[in-house]
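after the sequence you'll find the predicted model.
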Amino acid sequence: MLSPARMKKVDVLVLEKDVRQVAEAVGELGAVHFTDARHGDQAQLLQKPEAAERLQLCTVLLEQAATLCRRLYVEAEPDVESVEYIPIDMIQERLASIEQSAAEIIKQEDEIDAEIGVLTETANQVAAFRRLNVPVEEIPAFSFLHFATGRISAEKLPAFEMEAGPNVVAVPLGTAGEGERWMVAVTSKKGRWAMESALEKQGFRAEALGEKYRGLPQEVYAHTVKRLEALQNRKEELALQIKEMGRKYGHELLRYRRRLHVEQKVLQAEEQFGRTAAIYAISGWTPQDEADKLVRRIMDITANRAVIEVRDPQPDREDVPILLHHGSLIKPFELLVSNYGLPGYREIEPTIVVAISFLAMFGIMFGDVGQGAVLAVAGLIAARTQIAPKLRGLGSIAIFAGLAAMLGGFVFGEVFGKEYEHLALWDPPLSKDVSLKLLGICIVFGMFMNSLGLVLNIVNCFRRKDVAAATLDKFGLAGLIFYWGVLWMAAKAMLMHAGPGTVEIVLLLILPVTAILFRAPIARRLALHGGAGGHGGFIESGMDIFEMVIGLLSNTVSFVRVGAFALAHAGLGLAMYSLADAASRLPAGALIFILIILVGNVVVIVFEGLVVAIQCIRLEYYEFFAKFFKGEGKPFTPFTLKTGS
């Protein structure tokens, strides 16, 4: 529960004729993280499989099949359990045949689409000029007038009219899209250059209609619309023929796409295999629980023509991938851990601790029965919708956060921002004497989290066999003794009104500080295994002591914010109801009261809920994780075959 999933290293030797079936079987299981088989003791004997050309061909054919499915309106089918083997040569031949059969009708559709695009643009252009009762080719032919037709930004049209002056007539016409308008500008031949200069300054884009069209604008427009209607009818007829062809070839094309997807993934996986003249070497990691199933599957596929070695990992020499494994209740909180990083194979995996501490802090900071219920319902909706997996995970976290907030609401007697003392299991946060007690509880919680972080770091160091860091580091046993010593003396002074004794000062303060200061020579003298012996001199150790004292103190005090946010949350509710009560005395006061309470609660749930969640994550990452969690693990990414189309 506090460690990543146990892994096994699997090394497999199979004959060349079996490698494809083995790779597909492994992909169907989805339980092996491949590693480069050409690394290790036998690396010099193995070659890289020559799969580049086949992979390129597979990629080209996959694109060809996808294009044909799209052009023939072939819809994807549901996932299938297994994908039948089809030789790539056969797929290549059939795709070429289908493409040839569909080429003519697809060409016709493309030509119609191109013509529709041109005519649509024509209709949009000419529509704006339908009020002109002059053939478009004659517009520039007047002896004493100069015309300019085209587009101008609607925002710049007034500026053009002002700059052009009274010698230019600007006739705005219909809209041209993207904030532009069609326009005809008219001036004398003498004023042509001044008008052209003003138009250019305002970004005018000329459209010489006479170069494209002949006849009255209304006639051109009517002819264009008629042609468009005919083309649309023809396109619908072609679509029916294309869909019929899609029904004819659709199932076959989807089979080829599924096969090519599998082939592509297998070829990509083969790039990590090693080979000799007749044998392939496959290497990877699999969860311990899956190892026996994997071995049986490979032996069945190859009819026992395989050599398989399954062994325990060697974390000191190998980079073991990390798989977090938890039940459905804890699993959503893996997202909070993996967002920071993954533990090493020998390190503590803190997801369950994060889940409990995160919910405890959120429940205190956002304690409200009604608002927590709304948050839980919103999380339930998000977790059940078809959105990205990470967002569904956040939805699941929101469900538990909402339930924690409801529990905190029962403790404080708060419902939708209003305090009900008779419902409180304790007392509202703003009640007399409760505020200081709450802050004190949060400091004690901070002491526990800091102590737990130090203990987990000691465990991690011993797991890595780094005895020096476990005992002499600032976050090791010496740092823990110092921290507990300071806490003991502070508690003794506050509760017993007594100062520390000489023995306490020596054992709890001076001794651990001395051990940290002289950790390098002590580690060398005692021949302790680990990294502390390589640390710098007294200056570095002294800086570590200073950082330890300041860090542990600030990390402990940081948890005061948990209580501070609880007080702020109660204060927001009090302010909201005070404002609503004052507004209720106004005309339509009842409606205003309801609106203020409704809007206020929505704002609190959305914005304060987000801020509280961020603060909880911050305390986890900076105050807790920083003491023991490096987050340098490599994720377990198994080779898998997705059989959907």
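Good, I have the coordinates. Note that the coordinates shown come from a computational prediction; the quantities given were computed from them, not determined experimentally.

contacts for stretch 625-635 next, please.
Residues outside stretch 625-635 that contact it (C-beta atoms under 8 Å, 6 or more residues apart in numbering) are 4, 319-323, 338, 340-345, 347-348, 350, 450, 453-454, 456-457, 460, 475. To be clear about C-beta, it is placed using only N, CA and C from the backbone, and glycine gets the same treatment.

which is the next helix or strand following the longest helix seen in the chain?
Ranked by number of residues, the top helix in the chain under DSSP state H is helix 217-270. For helix 217-270, the following helix or strand on the C-terminal side (DSSP states H and E) is strand 274-275.

centre of the chain versus that next one, how much separation?
Relative to its parent chain, strand 274-275 has a centroid offset of 36 Å by C-alpha atoms, centre = their mean, to the nearest Å.

what is the longest helix of the chain packed up against?
helix 19-29, helix 52-71, helix 88-127 (3 or more C-beta pairs under 8 Å, 6 or more residues apart in numbering; DSSP states H and E).

could you give the angle of the second one to helix 88-127?
When you say that, I think you mean helix 52-71. If you take axes from the mean of the first three to the mean of the last three C-alpha atoms, to 10 degrees, helix 52-71 sits at 40 degrees to helix 88-127.

pull the CA atoms of helix 52-71 into CSV?
Only the C-alpha atoms of helix 52-71 are listed here, as CSV (Å, rounded to 0.1, in the frame of the first residue of the first chain):
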residue,chain,number,x,y,z
ALA,A,52,12.1,1.0,-40.7
GLU,A,53,10.9,0.3,-44.3
ARG,A,54,8.0,-1.8,-43.2
LEU,A,55,7.0,0.8,-40.6
GLN,A,56,7.0,3.6,-43.2
LEU,A,57,4.9,1.4,-45.6
CYS,A,58,2.5,0.7,-42.8
THR,A,59,2.2,4.4,-42.0
VAL,A,60,1.5,5.2,-45.7
LEU,A,61,-1.1,2.5,-46.0
LEU,A,62,-2.8,3.5,-42.7
GLU,A,63,-3.2,7.0,-44.0
GLN,A,64,-4.5,5.7,-47.4
ALA,A,65,-7.1,3.6,-45.6
ALA,A,66,-8.1,6.5,-43.3
THR,A,67,-8.5,8.7,-46.4
LEU,A,68,-10.7,6.2,-48.2
CYS,A,69,-12.9,5.8,-45.1
ARG,A,70,-13.3,9.5,-44.8
ARG,A,71,-14.1,10.0,-48.5
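
run the angle between it and helix 217-270 for me.
Relative orientation of helix 52-71 and helix 217-270, computed by the same axes, to 10 degrees: 140 degrees.

what do you get for the first one?
Here helix 19-29 points in a direction 110 degrees away from that of helix 217-270 (the same axes, to 10 degrees).

for helix 19-29, buried residues please.
For helix 19-29, burial by neighbour count (16 or more other C-beta atoms under 10 Å) applies to 19-20, 22-29.

how far does it sit from its chain's centre?
Centroid separation for helix 19-29 versus its chain: 30 Å, with C-alpha atoms, centre = their mean.

which element is encountered next along the chain beyond that helix?
Moving toward the C-terminus from helix 19-29, the next helix or strand (DSSP H and E) is strand 33-35.

not counting that next one itself, show me its contacts.
Here strand 33-35 has contacts from 269, 272, 282-286, 321, 636-639, using C-beta under 8 Å, 6+ apart.

among the helices and strands packed on helix 217-270, show the one with the smallest mean pLDDT.
Comparing mean pLDDT over these, the weakest stretch is helix 88-127, at a mean of 88.

flag every buried residue along it.
Using 16+ other C-beta under 10 Å as the test for burial, helix 88-127 gives 88, 91-92, 94-95, 98-99, 102, 105-106, 108-109, 116, 119, 122-127.

packing partners for that helix?
Against helix 88-127 (3+ C-beta pairs under 8 Å, 6+ apart) you get helix 52-71, strand 169-177, helix 217-270.

tabulate the ones you listed (JSON lines), appending distance to residue 302 and mean neighbour count.
What follows is the helices and strands packed on helix 88-127, written out as JSON lines (distance: least, C-beta to C-beta, whole Å; neighbours: other C-beta atoms under 10 Å):
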{"stretch": "helix 52-71", "distance to residue 302": "22", "mean neighbour count": "16"}
{"stretch": "strand 169-177", "distance to residue 302": "64", "mean neighbour count": "15"}
{"stretch": "helix 217-270", "distance to residue 302": "16", "mean neighbour count": "17"}
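
residue 558: which of those is closest?
Of all the helices and strands packed on helix 88-127, helix 217-270 sits nearest to residue 558, with 46.6 Å by C-beta to C-beta.

got the angle for that closest one vs strand 169-177?
Computed by the same axes, to 10 degrees, the angle separating helix 217-270 from strand 169-177 equals 30 degrees.

so how far is helix 217-270 off the chain centroid?
With C-alpha atoms, centre = their mean, you get 34 Å for helix 217-270.

what helix or strand is the residue most central in space within the chain on?
Nearest to the mean C-alpha position of the chain, by C-alpha atoms, centre = their mean, lies residue 390 at 6.3 Å. Secondary structure assigned from DSSP H and E places residue 390 in helix 389-412.

returning to that earlier point: to residue 304, which of the helices and strands packed on helix 217-270 lies closest?
Comparing the helices and strands packed on helix 217-270 by C-beta to C-beta, helix 19-29 comes nearest, at 12.6 Å.

next, the contact list for the closest residue to residue 120 other than its chain neighbours, please.
Closest residue in space to residue 120, ignoring its immediate chain neighbours: residue 228 at 6.9 Å, by C-beta to C-beta, 6 or more residues apart in numbering. Residue 228 makes contact with 116, 119-120, 123, according to C-beta under 8 Å, 6+ apart.

still on that earlier bit, check the helices and strands packed on helix 88-127 for me: which has the lowest mean pLDDT.
Within the helices and strands packed on helix 88-127, confidence is poorest for strand 169-177, with a mean of 73 (mean pLDDT).

contact partners of that one?
With C-beta under 8 Å, 6+ apart as the test, strand 169-177 has contacts from 124, 127-129, 131, 151, 154, 157, 160-161, 164, 181-187.

give me the buried entries from these.
By neighbour count, with 16+ other C-beta under 10 Å, the contacts of strand 169-177 hold 124, 127-129, 151, 157, 160-161, 164, 181-187 as buried.

out of these, who's nearest residue 49?
Residue 49 has its nearest neighbour among the buried ones among the contacts of strand 169-177 in residue 124, at 56.5 Å by C-beta to C-beta.

can you show me the strands along the stretch 251-400 of the chain?
274-275, 279-287, 306-311 (DSSP state E, counting those that start in this stretch).

can you say which of the ones you listed is packed in most?
Greatest average neighbour count among the strands of the stretch 251-400 of the chain goes to strand 279-287 (a mean of 23), per mean count of other C-beta atoms under 10 Å.

strand partners (parallel or antiparallel) of that strand?
When pairing is defined by DSSP bridges, strand 279-287 lines up against strand 7-15 (antiparallel), strand 33-35 (antiparallel), strand 274-275 (antiparallel).

now it against strand 306-311, angle please.
With the same axes, to 10 degrees as the basis, strand 279-287 and strand 306-311 are set at 40 degrees to each other.

got the contact list for strand 279-287?
By C-beta under 8 Å, 6+ apart, strand 279-287 touches 5-16, 19, 22-23, 26, 31-38, 40, 42, 46, 49, 272-275, 294, 313, 320-321, 323, 325, 636, 639.

hmm, back to that, distance to residue 65 and mean pLDDT added to the strands paired with strand 279-287, as TSV?
As requested, those are exported to TSV (distance: least, C-beta to C-beta, whole Å; pLDDT from 0 to 100):
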stretch	distance to residue 65	mean pLDDT
strand 7-15	29	94
strand 33-35	26	94
strand 274-275	29	87
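
was I right about residue 584 contacting residue 591?
No: Residue 584 lies out of contact with residue 591 (C-beta atoms under 8 Å); the separation is 9.4 Å.
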